[in-house]
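>>> have a look at this prediction, sequence included:
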Amino acid sequence: MPSGGEEKWVLPAHDKLPKGKKLMLIILDGWGEQIADQFNAIAVATTPIMDHLKTTAPERWRLLKAHGPAVGLPTEDDMGNSEVGHNALGAGRIFKQGAALVDMALETGSIYEGEGFKYLKEAQPNGTLHLLGLLSDGGVHSRYNQLQALLKGCADQGFKKIRVHVLTDGRDVREGSSLDYVTTLEHDLEELRKRGVDARIASGGGRMAVTMDRYENDWGVVKRGWDAQVLGEAPHQFKSCLEALKTLKENDPKLNDQYYPPFVIVDDEGKPVGPIVDGDALITFNFRADRMVMAAKAFEFEDFDKFDRVRVPKIKYAGMLEYDAEIKLPKHYLVAPPHIGETSGEYLVHNGVRTFACSETVKFGHVTFVWNGNRSGQFSETLEEYVEIPSDQGISFNVKPEMKAIAIAEKACEALHSGKWDQVRVNLPNGDMVGHTGDLDATIVGCTVVDKAIQLMLEATEKVGGIFLITADHGNAEDMVKRNSKTGEPMKDKKGNYQILTAHTCAPVPIAIGGPGLLKGAQFRTDLPTAGLANVAATFINLLGFEAPKDYEPSLIEVVE
Ligand SMILES: O=C(O)[C@H](O)COP(=O)(O)O
Ligand SMILES: [Mn+2]
Ligand SMILES: [Mn+2]
């Protein structure tokens, strides 16, 4: 870990790789390497550029680990995700991530000893405790066994009335599985009722329609959640959550778990069973920040103009984690997030490297905020520029799978040609965002467009005599079907239909380097067979002509004579 003043940031010159070569750094979101059958949208897509890189320069193409402990997740079964992936890419080291930290805090019980939980307890004895978050085993934003432990722990800690506001998943877990999660939750709440705790589900809705928007793409999503959870108002009322899910799907068979409209659970008189009111306590139990930041602002900010909150309850609110350490949001939290400091962006700024970063709204925060260790803003106003291209709003991305890939590429090319930037960094979202819809044909279109966007950026790199580095943050589009874990065979459901996979995967991701500016003889080392995303930062720091910080995971590059 560097220490001391300004000199701690100075990176020595690389002994072989020169400074001054422009670098195009391209992150393909949700682009892994898998069996090349008809369910691999990337293999089916027309991707001449990515194919060429893979087949023509094997010493400059390889695979990287992008899941499990290689990116700070608890086990080898944990698929990668954007947050842990971009954290590792930008920070060059592996940090224990939120999922693992919450597991530990629950296991040891330290979660109940901290300031955050003590603050919640100020709502006792009369306040209701509300738990709001994603009902899922995905381990991306939340995990069911954590909610389960928390429910029990909160009852042990003296909360007598508990209300759960559920957000159904179907994105990180199988579409349709929300029925199973709600059944389990109802069982767990029943157990609490047997112990004399008045515990119920109070409201619900699908994660993409209710509460979990990100990067301020659509505040309407958060408002729908607020209306149901706080005001007890929604277009649909039901006596139970299971009834809600079943009835809504019967009425609209195309509806999927991600997009359930908001609903409120009411009693026999039609009164909502658990709106959030003055004197209550609230935990947002997602550990991942990006899709909870907006709701956290609505619950916490006194000055708030994104929508009319109508009634702002005076509550004790704590996040599972602190979601934004820079702006200290929320003020109270149960588990301290990993401290991801001394990231590559900060080093590069201190060494005078000028960086332009760009993506469209849905992934903009990934290549900026998350890349920089979950830190808002630039390290330097003059040496960095971050440009956001507005994403399409209010549609599911299979409707327009091209997304803004070409616009992002054009912006990147313009930035590279301007001569103002040493490094241009982009995220192309299509593989991930369209992959999450489970629409195979649309995902194939999305991946084809990504390859075209890459072509534009490689042409620009060629023109300026630069270097490119292309990699991805985790798998998604390369596998659109659930497979038998032993044979790899695609699986069918009881009706004989293939089981569509909307989630990320545990697949490795490719990394390719090249361009006219890349020194002859620069290639990937062969002595790092298990390298992962955390090895990428040292790699691009080398490509910019510097030695990487000593505590970073080793660079993937060697220069042979
Ligand atoms: O938030 C999402 O969209 C998914 O849960 C995970 O996708 P991401 O990690 O690629 O953002
Ligand atoms: Mn991603
Ligand atoms: Mn994703």
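Noted; the coordinates are in hand. Ligands and ions are numbered 1, 2, ... in the order given.
>>> quick check: chain neighbours aside, which residue is closest to the residue of the stretch 301-450 of the chain found nearest ligand 1?
Ranked by Cβ to the nearest ligand atom, the top residue of the stretch 301-450 of the chain for proximity to ligand 1 is residue 432, at 4.6 Å. Using the backbone N, CA and C atoms, a C-beta is placed for each residue, glycine as well. Excluding the flanking residues, the one nearest residue 432 by Cβ to Cβ, 6 or more residues apart in numbering is residue 30, at 2.8 Å.
>>> can you count the residues close to the one you found?
Using other Cβ atoms under 10 Å, residue 30 has 35 neighbouring residues.
>>> still on that earlier bit, pLDDT at the residue of the stretch 301-450 of the chain closest to ligand 1, what is it?
pLDDT, residue 432: 98.
>>> how about residue 470?
In this model, residue 470 is scored at 99, pLDDT.
>>> likewise residue 5?
With respect to pLDDT, residue 5 has a value of 65.
>>> let me know the secondary structure of residue 130.
Secondary structure for residue 130, judged by DSSP: H, G, I helix; E, B strand; the rest coil, is strand.
>>> what's the neighbour count on it?
Using other Cβ under 10 Å, residue 130 has 27 other residues around it.
>>> ok, residue 161 next?
Per other Cβ under 10 Å, the neighbour tally for residue 161 reads 16.
>>> and it, bridged to which residues?
residue 198 (DSSP bridges).
>>> for it, give its distance to ligand 1.
Here the criterion is Cβ to the nearest ligand atom, to the nearest Å. By it, residue 161 lies 30 Å from ligand 1.
>>> touching, residue 551 and residue 95? I think so.
No: assessed by Cβ atoms under 8 Å, residue 551 is found out of contact with residue 95, at 11.9 Å.
>>> out of the two, which sits in the more crowded spot?
Comparing residue 551 with residue 95 by neighbour count (other Cβ under 10 Å), the higher total belongs to residue 95, at 20 against 10.
>>> right, is stretch 467-486 up against ligand 1?
No: interface with ligand 1: stretch 467-486 contributes nothing (Cβ under 6 Å from any ligand atom), its closest point being 6.8 Å away.
>>> extract the C-alpha set from that stretch and format it as CSV.
C-alpha atoms of stretch 467-486 as CSV (Å, rounded to 0.1, in the frame of the first residue of the first chain):
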residue,chain,number,x,y,z
ILE,A,467,-3.1,0.4,-28.6
PHE,A,468,-6.3,-1.3,-27.8
LEU,A,469,-7.3,-3.5,-24.9
ILE,A,470,-10.7,-5.3,-25.1
THR,A,471,-12.1,-7.3,-22.2
ALA,A,472,-15.4,-7.9,-20.4
ASP,A,473,-16.7,-7.8,-16.9
HIS,A,474,-18.5,-11.2,-16.7
GLY,A,475,-20.4,-13.6,-18.8
ASN,A,476,-24.0,-13.3,-19.9
ALA,A,477,-24.8,-13.3,-23.6
GLU,A,478,-22.7,-16.3,-24.4
ASP,A,479,-25.1,-18.5,-22.6
MET,A,480,-28.9,-18.0,-22.9
VAL,A,481,-30.0,-21.4,-21.6
LYS,A,482,-29.9,-23.3,-18.4
ARG,A,483,-27.5,-26.2,-18.7
ASN,A,484,-27.0,-29.5,-17.0
SER,A,485,-24.1,-28.7,-14.7
LYS,A,486,-22.4,-32.0,-15.5
